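Asks: below are the sequence and a predicted model for it; my questions follow.
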2 protein chains.
Amino acid sequence: MKFNEIGEFGFIESIKKQCSTSSKNVIKGIGDDCAVFRANSNRVFLFTTDMLVEDVHFLMDKITPYQLGWKSVAVNLSDIAAMGGIPLHVLISIGIPVKTDVELIKDLYRGMNDICSHYNVNILGGDTVASKDKLIINISLLGDGEEHSVLYRHGAGPGDKVYLTGNVGDSAAGLNILQNKISFSYTDKDYFIKAHNEPWPLVETGRIIATSQLAGAMIDLSDGLLSDLGHICEESKVGASIFEEQIPLSRELRLLSSRENFNPLELALSGGEDYVLLFTAPEKNIHAIEQLSREKDISPIVMIGEITNEEGIRLTDSYGKSTFVRPKGFDHFSELS
Amino acid sequence: MKFNEIGEFGFIESIKKQCSTSSKNVIKGIGDDCAVFRANSNRVFLFTTDMLVEDVHFLMDKITPYQLGWKSVAVNLSDIAAMGGIPLHVLISIGIPVKTDVELIKDLYRGMNDICSHYNVNILGGDTVASKDKLIINISLLGDGEEHSVLYRHGAGPGDKVYLTGNVGDSAAGLNILQNKISFSYTDKDYFIKAHNEPWPLVETGRIIATSQLAGAMIDLSDGLLSDLGHICEESKVGASIFEEQIPLSRELRLLSSRENFNPLELALSGGEDYVLLFTAPEKNIHAIEQLSREKDISPIVMIGEITNEEGIRLTDSYGKSTFVRPKGFDHFSELS
């Protein structure tokens, strides 16, 4: 069945059941002019949104509808994780080309629903509209946290150590494989494609880091390691020095890059969409953070360098040779032009 | 200058200054992974979102960029008004075709900024992305209210009176004029075009009605009088009886329809996008509501009929002849297919 046959109201009716809300704080979910909910007092709210447009952010033949639903929520959850918050409620806007199969959209909602259930996030409603020919998804996510534990981009200071909470470059390798830019003679390509299409936002890890009070600044890696570290530097008015050898790469990426003869660091530094967390912490907290990284529910934490008072980011390779880079974020506008 | 020349980050930088936040509750606006703000305790939150897609919801040659910005925020404010809440914070997602003039987008933001300033709404950030060829706008708006005064669609009961807070049909006349469906030999077409392109959401009126505790259910007219009254009936499991003669029409629409020889009621009943409020209230509150309608800051309140326990909506014309209608909401999917 096509979307124009079931219609907007018919479709909303059919997904209403899927979008159950379990929280006692939700007074009204889907089905009125607004969703209505109670807030926990003495907490601050975190509010974020992301728009994904077909043929700009995703290609329908490179991602399954389920994965697309999952990922569009995941990238927002990752923003909440990056502040150390708890995700609570989402609104989902979706622009659907009229000839789209209803089953495709149901699969998309299944992906959204699964990741929301996993993180106890309530789907409170949204807007379902027609689109001319491209699928468009916009997610707005509200979370909360303790005011004193929220981590911003501006909290880094010279001498602080820089940490990553997981491997980088796998997602970019997945994208390259999907785009046939990496010739692939190796069996486990699903690992990379999953890293790109079905990322796990590090919500628990972000919470543990934020509530530990050990860190100064935090961000999630969406634009790419250099670019996102650049955001921290810009907002904190500092520089950074990174050691290439310390950047965590998966065993799978090391294997792939040696077989296919490319430098995995390029993907690790600029690839983007890793959705691991980058944070900074004063040197005096080194041991406490080592301790923290042994806790359950937290991703592995690796130190990759430190914050400096120079401008820009200094990259030091395994021979001790340094170069300065001025990160530039990935810009869809320049890519498409 | 085109959008691909200034780039995403350059553009965000250029609008950051415009999007000032005055509230002491806003801790962080644009420029981090999430916006951060404090909540007023003992209140409930209202959360709503709307997506507008070029060539589905608007045509670039029928609305100015300023008006488009204004309207895309207005339709969300109207949803908060419909629950009787106070609008607080917005996130703006926008998908911009790369060859778009930067000035056009700045005008769009000027419209958004003006309406937000008027209603003391903080622009806390959003997402600026590239789009292939259509402009896409998604607004997410958060407001709050007192739990006991929020008005839902489900609060109407048989015997309640049905009220409108303003004229209906002007917006639809404006749309028809823009589409050249109404031949136009009359000078004041700007009145109708403005009603369609630059609606004023009735936030103050919604607040006064909700806090008066006189009403049972409320909705804003976006789909059209019959369709939106239908939503109230459906959620409240009731019917309604409406007297055509009591439906408030502007002097301008009466004039236009008599000169151009069409029935204004068609536009008033099914045109949509009026953004006035429809509410119901028990019969015993008739005098109190008359009293209320004399307050300052409130739009004129007109009774148009009553809630029944029949199914559907009964329309009675000036000769006393009744017909039953089953409202069907405006569905962009069936329109485009």
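Replies: Arrived safely. Not measured: the values here are computed from a predicted model.

Asks: can you list the weak-confidence ranges in the stretch 1-150 of chain A?
Replies: A:8-9, A:12, A:15-22 (pLDDT under 70).

Asks: what about the helices in it?
Replies: Remark: helices assigned in the stretch 1-150 of chain A by DSSP state H, counting those that start in this stretch are A:3-16, A:65-83, A:102-118.

Asks: highest average neighbour count across the ones you listed?
Replies: Mean neighbours per residue, mean count of other CB atoms under 10 Å in any protein chain shown, is largest over these for helix A:65-83, with a mean of 26. Where you see a C-beta, it was placed from the backbone N, CA and C, and this is true even at glycine.

Asks: tell me what it is packed against?
Replies: strand A:44-53, strand A:86-97, helix A:102-118, strand A:136-145, helix A:189-197, helix A:203-212, strand A:217-220 (3 or more CB pairs under 8 Å, 6 or more residues apart in numbering or on different chains; DSSP states H and E).

Asks: and of the ones you listed, who's closest to A:Met303?
Replies: Of all those, it is helix A:203-212 that lies closest to A:Met303, at 13.5 Å by CB to CB.

Asks: other residues contacting the closest one?
Replies: With contact meaning CB atoms under 8 Å, 6 or more residues apart in numbering or on different chains, helix A:203-212 is reached by A:77, A:80-87, A:119, A:145-146, A:149-151, A:165, A:215, A:218, A:220, A:277, A:279, A:288, A:292, A:295, A:297-299.

Asks: can I get the buried ones among these as something I can paste into PyMOL?
Replies: With 16 or more other CB atoms under 10 Å in any protein chain shown as the criterion, this PyMOL line picks the buried residues out of the contacts of helix A:203-212:
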select buried, chain A and resi 77+80+81+82+83+84+85+86+87+119+145+149+150+151+165+215+218+220+277+279+292+298+299
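
Asks: what's the closest non-adjacent residue to A:Val203?
Replies: Excluding the flanking residues, the one nearest A:Val203 by CB to CB, 6 or more residues apart in numbering or on different chains is A:Ala81, at 4.6 Å.

Asks: just checking, the one you found touches A:Val276?
Replies: No: the criterion here is CB atoms under 8 Å, and A:Ala81 misses it with A:Val276 at 9.6 Å.

Asks: returning to that earlier point: next, format the helices and strands packed on helix A:65-83 as CSV and append distance to B:Ile177.
Replies: CSV is the format used below for those (distance: least, CB to CB, whole Å):
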stretch, distance to B:Ile177
strand A:44-53, 32
strand A:86-97, 27
helix A:102-118, 35
strand A:136-145, 29
helix A:189-197, 47
helix A:203-212, 51
strand A:217-220, 48
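
Asks: what's the closest of the ones you listed to B:Thr308?
Replies: Closest to B:Thr308 of the helices and strands packed on helix A:65-83, according to CB to CB: strand A:86-97, at 33.7 Å.

Asks: could I get the helices of the stretch 1-150 of chain A as TSV with distance to B:Ile105?
Replies: Shown next, in TSV, are the helices of the stretch 1-150 of chain A (distance: least, CB to CB, whole Å):
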stretch	distance to B:Ile105
helix A:3-16	28
helix A:65-83	23
helix A:102-118	29
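
Asks: for those helices, which one sits closest to B:Met112?
Replies: Smallest distance to B:Met112 across these (CB to CB): 21.5 Å, for helix A:65-83.

Asks: got the angle between the closest one and strand A:136-145?
Replies: Here helix A:65-83 runs at an angle of 30 degrees relative to strand A:136-145 (axes from the mean of the first three to the mean of the last three CA atoms, to 10 degrees).

Asks: could you tell me the end-to-end distance of stretch A:298-314?
Replies: Length of stretch A:298-314, first residue to last, CA to CA, to the nearest Å: 28 Å.

Asks: again, but for stretch A:132-149
Replies: Between the opening and closing residues of stretch A:132-149 lies a distance of 44 Å (CA to CA).

Asks: name the residues of that stretch that are buried.
Replies: Neighbour-count burial for stretch A:132-149, counted by 16+ other CB under 10 Å, picks out A:132, A:134-145, A:149.

Asks: can it be said to contact chain B?
Replies: Yes: against chain B, stretch A:132-149 shows contacts by CB under 8 Å from any CB of the partner chain at A:132, A:134, A:136, A:138, A:140, A:142-143, A:147.

Asks: can you check the pLDDT for the closest residue to A:Ala281 other than its chain neighbours?
Replies: Using CB to CB, 6+ apart and skipping the chain neighbours, the partner closest in space to A:Ala281 is A:Ala215 (4.6 Å). Note for A:Ala215: predicted pLDDT of 98.
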